[in-house]
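Participant: okay, here's the prediction I keep looking at, along with the sequence it came from:
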Amino acid sequence: MTTDSIRTESHIEGVRRPGRWLALSVLVLAVLLVAVDATVLGLATPFLTEDLKPSGTQLLWIGDVYSFVIAGLLVSMGSLGDRIGRKKLLLIGATAFGAVSVLTAYATSPEMMIVARALLGVAGATLMPSTLALIRNLFHDARERSLAIGIWGAMASAGAAVGPVVGGFLLEHFWWGSVFLINLPVMAVLVLVGAKLIPESKNPNPGPWDLPSVALSLVGVIGVVYAVKELASHGPTLGAGAGAVIGVAALTWFVRRQLTLPAPLLDMHLFRHRGFSGAVLADLLTILGLSGLVFFLSQFFQLVQGRQPLEAGLAELPAAIGAVTAGLVAGVVARRFSVRSVVAGGLAAVGLALAVLTTLDQHTGYPLLGAALLVVGVGAGFSFTVTADVILSSVPKEQAGAASAVSETAYELGAALGIAILGSIVTGVYQSFTTPAGVPSDIASAAHESLGGAVEASGGLAPETATALVASAQEAFVDGLRIASGVGAAVLLATAVAAWFLLRGQRLEK
């Protein structure tokens, strides 16, 4: 027996020890870290706007550059983890994530904030695929693995809940940068405890890490997402066309290269599995339909309905509570009924909840909003947990990193596209509002950049004029939010129908 095979066998015996649940508790801290970072940004946006004074376009870049970079690098980082060791990559990424969080907290300009968010994307790309891949290698029993994935998804949702509440408390007592510093204690626990508890795992015969493929993946994904963003914001432009051509050419070259390499960065044959492809597509379109809405909902609670940051954070709790609850029971429900009924049903529920939000206005009561958010959380919790299980169960454990990376890439790509498309709808509708008479041109210009800019700019006007300006801006913002909700609902309902057919006959392991 070779040294490699002895090491592999002893590793397999090791992961069957009871310590795997302790290792899982540390792994989900990384998920919590990334989820908290994503949600506190939306809550901090009004404060960022007041301090850094970004333009509407810069505000969108601050919101989605993280997703652009992370989507472009996830496949590469998932494959790197398979090669150098998933634990090693996870700990490196967590350390970098904490360090860059400090840079983000002390950003002094919109440009610096955009760069810091991009660097967070690089660090985040090392975290997410590593956590799911390590779960695939820690839990060999199918039911245990379903529960572990449910806990993983629940912690992501818990991060979505903890982020706004903790962020809201910090924003009421400290400056906006403090919401990014909460990453530091989580990162410290992850690195110190994870170094002792998490077992290392990697592909025993990985082959070299192909740098040209890394570059093609990054250029391709960012090119395509940039083109969509430009098209949604400004219509057909030279920049959008160039981005689309470069992105599609790079991705085509990437796919062709993977098919010829003896050790590809991503095994394209994974997509021959209908369940794998269907689950990936469901993830991408679901997040696309949700993310743009979520990004602007925190602003709605604060800048339209006048809630304080902590109250706004608490108002978003039903979505996280629903997602946590659904994630923990999703595996059991999918085995009791079927994968396609749980995924398609969850997506349809989210779509119908978004359709309800098309009735939104400035004075919509919280019972309706809270109920809609709860349904969104339950539906998303069922769908994401089961699709993650399908994706991981479809591949050999040696390729867990690459498969996890595909799942996470779909998630982050959907987030980037969602913020770009739905966010641009909200921004486009908002910027078309009519400025009330008597508002100076410089104040009108600032007001049209963003809703936060309108609220701040109104401070220099006479009370009646200020009230009219803010009311007009709020009405335009809500109009955009209603249209974005309608588009999101259409995307989710169409995805539910697609999932029903693509996941036909798909079952979770018993």
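Facilitator: In hand now; what should we look at? Numbering: from 1, shown residues only.

Participant: every contact and neighbour count from this point should use C-alpha atoms.
Facilitator: OK.

Participant: for stretch 330-339, give the mean pLDDT please.
Facilitator: For stretch 330-339, mean pLDDT rounds to 84.

Participant: distance from the chain centre to that stretch, please.
Facilitator: Distance of stretch 330-339 from its chain centroid, counting by CA atoms, centre = their mean, to the nearest Å, is 25 Å.

Participant: list of residues touching that stretch?
Facilitator: Outside stretch 330-339, the residues within contact range by CA atoms under 8 Å, 6 or more residues apart in numbering are 143, 146-147, 150, 341-342, 381-382, 385-386, 503, 506-508, 510.

Participant: just the pLDDT for the closest residue to residue 231 other than its chain neighbours.
Facilitator: Once flanking residues are discounted, residue 231 sits nearest to residue 240: 5.9 Å by CA to CA, 6 or more residues apart in numbering. On the pLDDT scale, residue 240 is placed at 83.

Participant: what's residue 240 in contact with, if anything?
Facilitator: 226, 227, 228, 229, 230, 231 are the contacts of residue 240 under CA under 8 Å, 6+ apart.

Participant: before we move on, the earlier item: can you say which of the contacts of stretch 330-339 are buried?
Facilitator: Neighbour-count burial within the contacts of stretch 330-339 applies to 143, 146-147, 150, 341-342, 381-382, 385-386, 503, 507-508; the criterion is 16 or more other CA atoms under 10 Å.

Participant: hmm, back to that, just name the lowest-scoring one in the contacts of residue 240, pLDDT-wise.
Facilitator: Among the contacts of residue 240, pLDDT bottoms out at residue 229, giving 71.

Participant: helices or strands next to the strand or helix carrying residue 296 in the packing?
Facilitator: With elements taken from DSSP states H and E, the one containing residue 296 is helix 274-299. With contacts taken as 3 or more CA pairs under 8 Å, 6 or more residues apart in numbering; DSSP states H and E, helix 274-299 sits against helix 19-52, helix 366-393, helix 400-430, helix 463-502.

Participant: can I get the ones you listed in TSV including distance to residue 94 and mean pLDDT?
Facilitator: Putting those into TSV (distance: least, CA to CA, whole Å; pLDDT from 0 to 100) gives the following:
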stretch	distance to residue 94	mean pLDDT
helix 19-52	7	75
helix 366-393	22	84
helix 400-430	17	73
helix 463-502	33	86
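
Participant: okay if I get those helices as JSON lines plus distance to residue 175?
Facilitator: Below are the helices and strands packed on helix 274-299 laid out as JSON lines (distance: least, CA to CA, whole Å):
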{"stretch": "helix 19-52", "distance to residue 175": "8"}
{"stretch": "helix 366-393", "distance to residue 175": "28"}
{"stretch": "helix 400-430", "distance to residue 175": "25"}
{"stretch": "helix 463-502", "distance to residue 175": "24"}
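
Participant: of all those, which one is nearest residue 265?
Facilitator: Ranking the helices and strands packed on helix 274-299 by their distance to residue 265 (criterion: CA to CA) puts helix 400-430 first, at 7.7 Å.

Participant: by contact count, what packs against that closest one?
Facilitator: Against helix 400-430 (3+ CA pairs under 8 Å, 6+ apart) you get helix 56-84, helix 110-138, helix 211-234, helix 274-299, helix 366-393, helix 463-502.

Participant: before we move on, the earlier item: what's the first helix or strand after the helix holding residue 296?
Facilitator: Counting by DSSP H and E, the element after helix 274-299 in chain order, helix or strand, is helix 309-315.

Participant: for that following helix, name the packing helices and strands.
Facilitator: helix 19-52, helix 142-173.

Participant: same thing but 10 Å
Facilitator: Packed against helix 309-315, as judged by 3 or more CA pairs under 10 Å, 6 or more residues apart in numbering; DSSP states H and E, are the following elements: helix 19-52, helix 142-173, helix 274-299, helix 366-393.

Participant: distance from it to the middle of the chain?
Facilitator: Taking CA atoms, centre = their mean, one finds the center of helix 309-315 at 20 Å from the center of the full chain.

Participant: how about stretch 139-153?
Facilitator: A distance of 21 Å separates the centroid of the chain from that of stretch 139-153, by CA atoms, centre = their mean.

Participant: same question, stretch 411-426
Facilitator: 10 Å.

Participant: just the CA trace of that stretch, in CSV.
Facilitator: Provided in CSV are the C-alpha atoms of stretch 411-426 (Å, rounded to 0.1, in the frame of the first residue of the first chain):
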residue,chain,number,x,y,z
TYR,A,411,-25.1,32.0,-6.1
GLU,A,412,-22.6,34.9,-6.4
LEU,A,413,-23.2,35.4,-10.2
GLY,A,414,-26.9,35.5,-9.5
ALA,A,415,-26.3,38.1,-6.8
ALA,A,416,-24.2,40.3,-9.1
LEU,A,417,-26.7,40.0,-11.9
GLY,A,418,-29.6,40.6,-9.6
ILE,A,419,-28.1,43.8,-8.1
ALA,A,420,-27.0,44.9,-11.6
ILE,A,421,-30.4,44.3,-13.3
LEU,A,422,-33.0,44.8,-10.6
GLY,A,423,-30.8,47.5,-8.9
SER,A,424,-30.6,49.3,-12.2
ILE,A,425,-34.4,49.2,-12.6
VAL,A,426,-34.8,50.8,-9.2
